[in-house]
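>>> starting from these lines, generate the structure:
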Amino acid sequence: MSDQSSAGLTRRSSNPSSSYSTAGPAAWSGAHSGASRRSVLRLGGGLLVAVPLLAACSGSSDAASDASAGYVSGDGVVVEIPPEGRAEPLAFQGTTYDGGDFDSTSLRGAPLVVNVWYASCPPCRVEAPALKAAHAEYGAKGVEFVGVNTRDQAGPAAAFEETFGITYPSIPDPDGAVLYAMDGSVPPNAVPTTLILDAEGRVAARISGAADQSTLESLLDTVLAEGA
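This is a model prediction of the structure:
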């Protein structure tokens, strides 16, 4: 993961309440916000760092609640990687709930949004409207979307998609084979997580925790502009 933490990696807080640290960056932690909330601390070498006041899985009552719900949520932050700092392209395959074959390599040439979720995960339900809206707007611009469901059989997954109006396909991944193929881009049990792959299939950004619509759209605008 050293490629992912190279100089130039940008971390911005998706939580309006954040504290700032000069600690060196971990390979996959950081934050990003929409244009109205981009308060960051610039360090040497151009690195931008922001640390949320409370990670979702700290030793708080919130963490206990997360555990009782059967999931370990993301930490509510995002990392962006500039083109020169991105690792090798990801390649993963699977069969969608409707029986279709999915191969990420066949979608190269366009950005791809990969959302890791399952139906009873509370923050997955919170972020669903943002993903629906982003798919409606950016799907028309050529951005592809796919879900990776870590737990559900077809029935609960379909009920979730119908409830929230999610129309892009999802791949069931109860044994973790799809996530394993992503080469550590999604931490174990960090649900939800959303990856944005660039047109070459490289990870350009990762949202750890529930995706905010303005953040997701800003990240997609950045990746689309690279190919303009």
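>>> neighbours of residue 94, how many?
19 (other Cβ atoms under 10 Å). C-beta here means a position set from N, CA and C on the backbone, and glycine is covered the same way.
>>> measure the nearest residue to residue 134 once chain neighbours are set aside to residue 153 for me?
In this structure, residue 134 finds its nearest non-sequential neighbour in residue 216, 5.0 Å apart by Cβ to Cβ, 6 or more residues apart in numbering. Applying Cβ to Cβ, to the nearest Å, the value for residue 216 to residue 153 is 28 Å.
>>> those two - which one has more neighbours?
Neighbour count, other Cβ under 10 Å: between residue 216 and residue 153, residue 216 has more, with 27 against 12.
>>> any idea how far the closest residue to residue 181 other than its chain neighbours is from residue 108?
Leaving aside its chain neighbours, residue 181 sits nearest to residue 92 (4.0 Å; criterion: Cβ to Cβ, 6+ apart). Per Cβ to Cβ, residue 92 is found 12 Å from residue 108.
>>> swap in residue 78?
23 Å.
>>> and the end-to-end length of stretch 101-120?
25 Å (Cα to Cα, to the nearest Å).
>>> kindly apply the preceding question to stretch 150-158 instead.
End-to-end for stretch 150-158, by Cα to Cα: 14 Å.
>>> same question, stretch 198-205
9 Å.
>>> average pLDDT for it?
Averaging pLDDT along stretch 198-205 yields 97.
>>> contact partners of it?
With Cβ atoms under 8 Å, 6 or more residues apart in numbering as the test, stretch 198-205 has contacts from 4, 32, 78-81, 83, 86-91, 104-105, 107-112, 185, 195-197, 219, 222-223, 226-227.
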